[in-house]
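*Asks:* Here is a sequence together with a model predicted from it:
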Amino acid sequence: MAKGMTIKDAIKVFEEKKGVVAAEVEKVELNGMVPAIEKMDATLSTLKACKHLALSTNSIEKISSLSGMESLKILSLGRNLIKKIENLDAVAETLEELWLSYNVITSLGGLEKLQNLRVLFMSNNKIASWGEVEKLAALANLEDVLLVGNPLYNDYKDNNALSEYRIEVIKRLPNLKKLDGIPVDVDEREQATGKA
């Protein structure tokens with residue numbers, strides 16, 4: 001079986017392709033590697049200046065090894081094999097955007113420490129209950145959430161009830177400015193707060 005590419009080798013490929021030193025740049029793009037990256041490892045700690053780490057379209061199963069990435073604001077892990085949101089403590093102070101669409105995540109636990117999180121892209125995962133959405137209420141700065149394609153969303157879509165779904169999300173997350181790519185409007189907010 002072919003072995004996945006290491007973070008170290010992926011960084012080398014990125015540096016050669018872009019003609020940069022990865023440790024000095026703000027955006028490090030390691031997405032879509034061939035062979036795919038299977039594991040996040042301690043080599044990531046060398047990326048001191050990195051504000052945006054792109055690891056999407058690989059075969060990563062677990063979020064890990066973010067220690068030392070003290071500048072990280074955007075973590076892109078879409079289109080991987082991630083099952084659980086975990087090991088984000090090292091970037092809890094700085095992380096503002098987490099892109100996790102197209103994974104196999106069933107729970108939104110593990111996000112509560114990310115007090116500066118503004119954007120959460122979680123489309124096409126396995127979120128099936130309102131209890132999971134309610135976990136996001138602890139994130140006071142969260143303003144943009146993408147939940148399209150999760151079982152919870154699909155249940156409402158299949159019943160032609162997307163407007164009700166939007167109201168239910170806004171009820172639980174009253175600070176949202178955008179849901180599923182669409183701005184939250186005044187009418188929706190009023191319905192969610194029962195003032196309509």
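*Replies:* Cool, got the structure.

*Asks:* Touching stretch 179-188 from outside, list them.
*Replies:* The contact list for stretch 179-188, computed with C-beta atoms under 8 Å, 6 or more residues apart in numbering, reads 123, 144-148, 153, 163, 166-167, 169-170, 176-178, 196. Just so you know, the C-beta spots here come from the backbone N, C-alpha and C atoms, and that holds for glycine as well.

*Asks:* Report the two of those residues separated the most.
*Replies:* Greatest spacing in the contacts of stretch 179-188, by C-beta to C-beta: 123 and 196 (27.7 Å).

*Asks:* Which of those two has more residues huddled nearby?
*Replies:* More crowded of residue 123 and residue 196, by other C-beta atoms under 10 Å: residue 123, with 20 against 11.

*Asks:* Point out where the chain drops to low pLDDT.
*Replies:* Applying pLDDT under 70 to the chain flags residues 1-2, 196.

*Asks:* Mind jotting down where the helices sit in it?
*Replies:* 7-18, 130-134, 151-158, 162-172, 186-193 (DSSP state H).

*Asks:* Can you spell out which helices and strands pack onto the shortest one?
*Replies:* Judged by 3 or more C-beta pairs under 8 Å, 6 or more residues apart in numbering; DSSP states H and E, helix 130-134 is in contact with helix 151-158, helix 162-172.

*Asks:* Is it possible to get CSV of these that adds distance to residue 82 and mean neighbour count?
*Replies:* Formatted as CSV, the helices and strands packed on helix 130-134 follow (distance: least, C-beta to C-beta, whole Å; neighbours: other C-beta atoms under 10 Å):
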stretch, distance to residue 82, mean neighbour count
helix 151-158, 17, 15
helix 162-172, 22, 18
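
*Asks:* Could I get these in a markdown table, plus columns for distance to residue 189?
*Replies:* Shown next, in a markdown table, are the helices and strands packed on helix 130-134 (distance: least, C-beta to C-beta, whole Å):
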| stretch | distance to residue 189 |
| --- | --- |
| helix 151-158 | 18 |
| helix 162-172 | 6 |
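
*Asks:* what's the closest of the ones you listed to residue 134?
*Replies:* With C-beta to C-beta, the closest approach to residue 134 among these belongs to helix 162-172: 5.3 Å.

*Asks:* and that closest one with helix 151-158, angle?
*Replies:* 140 degrees (axes from the mean of the first three to the mean of the last three C-alpha atoms, to 10 degrees).

*Asks:* what's in contact with helix 162-172?
*Replies:* By C-beta under 8 Å, 6+ apart, helix 162-172 touches 130, 133-134, 136-137, 145, 147, 152-153, 156-157, 176, 179-180, 182, 184, 188-189, 191-193.

*Asks:* now stretch 16-32
*Replies:* So stretch 16-32 is in contact with 7, 10-11, 14-15, 37, 46-58, 71, 76, going by C-beta under 8 Å, 6+ apart.

*Asks:* at 6 Å instead, please
*Replies:* With contact meaning C-beta atoms under 6 Å, 6 or more residues apart in numbering, stretch 16-32 is reached by 10-11, 14-15, 46-57.
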